[in-house]
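In: this is a predicted model, with the sequence first.
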Amino acid sequence: MSTRSIFHADHADHADHADHADHADMIQISRAARMIEQIRGDIAGEWAEPNKIPQLEFADEDNLDRWSPVVRAEILSHRLNKDLKFGLDDQIVRIYTSHHFKIPELNDVLALAERFGGAALKTGGSTLRASDFGFCFDVSVFETTRPDESAFDEQLEQVVAAQMVRDGRSSEILRQRHDIISFFAAVFGLHPKQHTYSIELLGTCLRALTPVVMEAKHYLASRRPVELSAQIHPIIQTPGHSSFPSGHATQAYMLANILAELTQGYEANLYDEIRPYLRQSFQLAARIAYNRVIAGVHFPIDNGCGALLGSVIGQHFVASFQGEAFEHAHRFLPKEFDGRFDSDAFKRGWTEANEPLPPYVERLAPSSLPLPKTEPDKELGWLWTQARAEWEL
């Protein structure tokens, strides 16, 4: 396979071709505008005073049905990630949310601070700080640090060994560069007509996830395998951002978590206690993640962190859609990672209450805080309700 064929997709929007297309479009639009103006002058007739039509309600979730899916995605993806913030404390990267308290609630806040370790609340990834209008209680959603250099060096041989199965995975790898929803669609039977809102919801979640995972990569700033060895030879272009955590693993595990929650009732009606959709979605997520190691652009530890980050953010999005409390804050511990991502052990620990999480995953304490209740986001609830209705038997 030539270099040109491998990287051709990356250059499909080359500026020269795009400029020609833009010029042609402008010529067509200009011609159409002149025609439309001529037609209007011929058929519009004299001015007729229209009846007064009331404007739409401010910020009403019922208006969402009037907007195009692209507009809804812009609105709702912002709603999903707007509360997620980043911090760096002694090489510990934190993704956290801030819960705001008014002055009359000060006594409750101070009691909460005393309960969880004093006013500083350094333990458990939480801090209490003053603000102009009252107090903010920052609660970590996810934490990790960059692995030691030795961890990446030791896993280089695994990246090289993974090249042995490239022949059977190359078509998947190439397709998954820009599309992983189609693979989940095959498992769940997603259809553009029957599951319009479900597909829109998944796309919205991916849009909301992108700035989160890219900022995590920016903070953790890790070199790619090809930068550490001349014998990797990736079969796709190495992305221009940090290796750790894996963005594809984060995306895939986020989708697996979202779909597991969205289709839970449907799956229960089909199989009672057995959950084949849940099992297959996590297996697919692991396969998509490992394909990036086979491609030569990721280390196994990137997938371990990405699987946890995607699962955490997926559950955060689910809680936001449903207007529920978030109770899935976790920490990834690179030093506890043994060099291989055991996807089955992670899936069992994450989805089954009686199974332990792998040693590199730690629940952030306290797992559930008595934080102030906020009103559910009606717009997010609207899309979740529309998507959930598509899975009713």
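Out: Ah, there it is.
In: from residue 70, how far out is residue 217?
Out: 26 Å (C-beta to C-beta, to the nearest Å). Placement of C-beta: from N, CA and C, glycine included.
In: please identify which of these two sits among more neighbours.
Out: Neighbour tally, residue 217 and residue 70, criterion other C-beta atoms under 10 Å: the higher count belongs to residue 217, 21 against 11.
In: which SSE is the more buried one in?
Out: When elements are assigned from DSSP states H and E, residue 217 belongs to helix 196-220.
In: could you pull out the strands for the stretch 1-150 of the chain?
Out: 85-89, 92-102, 126-130, 134-144 (DSSP state E, counting those that start in this stretch).
In: now the helix holding residue 217: mean pLDDT?
Out: Mean pLDDT, helix 196-220: 98.
In: residues contacting the next helix or strand after it, please?
Out: Where DSSP H and E defines the elements, the next helix or strand beyond helix 196-220 is helix 225-228. Identification of contacts with helix 225-228 by C-beta atoms under 8 Å, 6 or more residues apart in numbering yields 152-153, 156, 159, 232-234, 238, 243, 296-299.
In: let's see 6 Å
Out: For helix 225-228, contacts defined as C-beta atoms under 6 Å, 6 or more residues apart in numbering pick out 159, 232, 234, 238, 296.
In: can you list contacts of the helix holding residue 217?
Out: 69, 73, 76-77, 80-81, 84, 86, 93, 146, 181, 190, 241-242, 244, 247, 250, 254, 258, 317, 383, 386-387, 390.
In: quick check: angle from that helix to strand 85-89?
Out: Relative orientation of helix 196-220 and strand 85-89, computed by axes from the mean of the first three to the mean of the last three C-alpha atoms, to 10 degrees: 20 degrees.
In: flag every buried residue along helix 196-220.
Out: 197-209, 212-213, 215-217, 219-220 (16 or more other C-beta atoms under 10 Å).
In: residue contacts, the closest residue to residue 337 other than its chain neighbours?
Out: What sits nearest to residue 337 in space, not counting adjacent residues and going by C-beta to C-beta, 6 or more residues apart in numbering, is residue 360, at 4.4 Å. If you count contacts by C-beta under 6 Å, 6+ apart, residue 360 has them with 333, 336, 337.
In: among these, who's most crowded?
Out: Using other C-beta under 10 Å as the neighbour test, these are led by residue 337, with 22 neighbours.
In: assumed residue 163 was part of a strand.
Out: No. If the criterion is DSSP: H, G, I helix; E, B strand; the rest coil, then residue 163 is helix and not within a strand.
In: okay, now it: neighbour count?
Out: By other C-beta under 10 Å, 17 other residues sit near residue 163.
In: and what of the one 4 residues further on?
Out: Applying other C-beta under 10 Å, we find 8 other residues in the vicinity of residue 167.
In: where does it land on pLDDT?
Out: pLDDT, read off for residue 167, is 92.
In: which residue is nearest the middle of the chain?
Out: Here the mean C-alpha position of the chain is nearest to the C-alpha of residue 209 (C-alpha atoms, centre = their mean), at a distance of 3.1 Å.
In: how much space between residue 236 and residue 166?
Out: Taking C-beta to C-beta as the measure, residue 236 falls 11 Å from residue 166.
In: more crowded one of these two?
Out: Neighbours were counted for residue 236 and for residue 166 using other C-beta under 10 Å; residue 236 has more, 19 against 15.
In: phi and psi next, for the more buried one.
Out: Phi and psi for residue 236, reported as degrees, to the nearest 10, are phi -130, psi 160.
In: what sits closest to it if chain neighbours are left out?
Out: Using C-beta to C-beta, 6+ apart and skipping the chain neighbours, the partner closest in space to residue 236 is residue 295 (5.2 Å).
In: then residue 277?
Out: That would be residue 267: by C-beta to C-beta, 6+ apart, it lies 4.9 Å from residue 277.
In: pLDDT score assigned to that neighbour?
Out: Per-residue pLDDT puts residue 267 at 93.
In: try the one 5 residues further on
Out: What the model reports as pLDDT for residue 272 is 83.
In: who touches it in this structure?
Out: Residue 272 neighbours (C-beta under 6 Å, 6+ apart): none.
In: that one and residue 94: what is the separation?
Out: The value you get for residue 272 to residue 94, if C-beta to C-beta is used, is 40 Å.
In: again with residue 146
Out: Distance of residue 146 to residue 94, computed by C-beta to C-beta: 14 Å.
In: looking at the two, which one has more neighbours?
Out: Neighbour count, other C-beta under 10 Å: between residue 146 and residue 94, residue 94 has more, with 22 against 18.
In: that one and residue 143 touch, don't they?
Out: Yes. At 5.2 Å, residue 94 and residue 143 qualify as touching, with contact defined as C-beta atoms under 6 Å.
In: just to revisit the earlier point, on the three-state scheme, the residue nearest to residue 277 is what?
Out: Per three-state DSSP, the secondary structure class of residue 267 is helix.
In: what about it, neighbour count?
Out: 19.
In: where does the protein dip in pLDDT?
Out: 1-22, 100-135, 366-374 (pLDDT under 70).
In: mind checking the longest helix of it?
Out: When the chain is parsed with DSSP state H, its longest helix is helix 15-43.
In: how far does stretch 269-289 sit from the chain's center?
Out: Centre-to-centre, stretch 269-289 and its host chain are 19 Å apart (C-alpha atoms, centre = their mean, to the nearest Å).
In: with stretch 243-257 instead?
Out: Its chain's average C-alpha position is 7 Å from that of stretch 243-257, according to C-alpha atoms, centre = their mean.
In: what do you get for stretch 36-51?
Out: Per C-alpha atoms, centre = their mean, the centroid offset for stretch 36-51 relative to its chain is 48 Å.
In: next one: stretch 332-344
Out: 21 Å.
In: what residues sit buried inside it?
Out: 332, 333, 334, 337, 341, 342, 343.
In: what's next to that stretch, contact-wise?
Out: By C-beta under 6 Å, 6+ apart, stretch 332-344 touches 144, 147, 155, 286, 300-301, 303-305, 308, 359-360, 362.
In: return the subset of these lying in strands.
Out: Counting by DSSP state E, the part of the contacts of stretch 332-344 found in strands is 144, 362.
In: could you report the neighbour count for residue 235?
Out: Neighbour count for residue 235, taken as other C-beta under 10 Å: 17.
In: cool, thanks, signing off.
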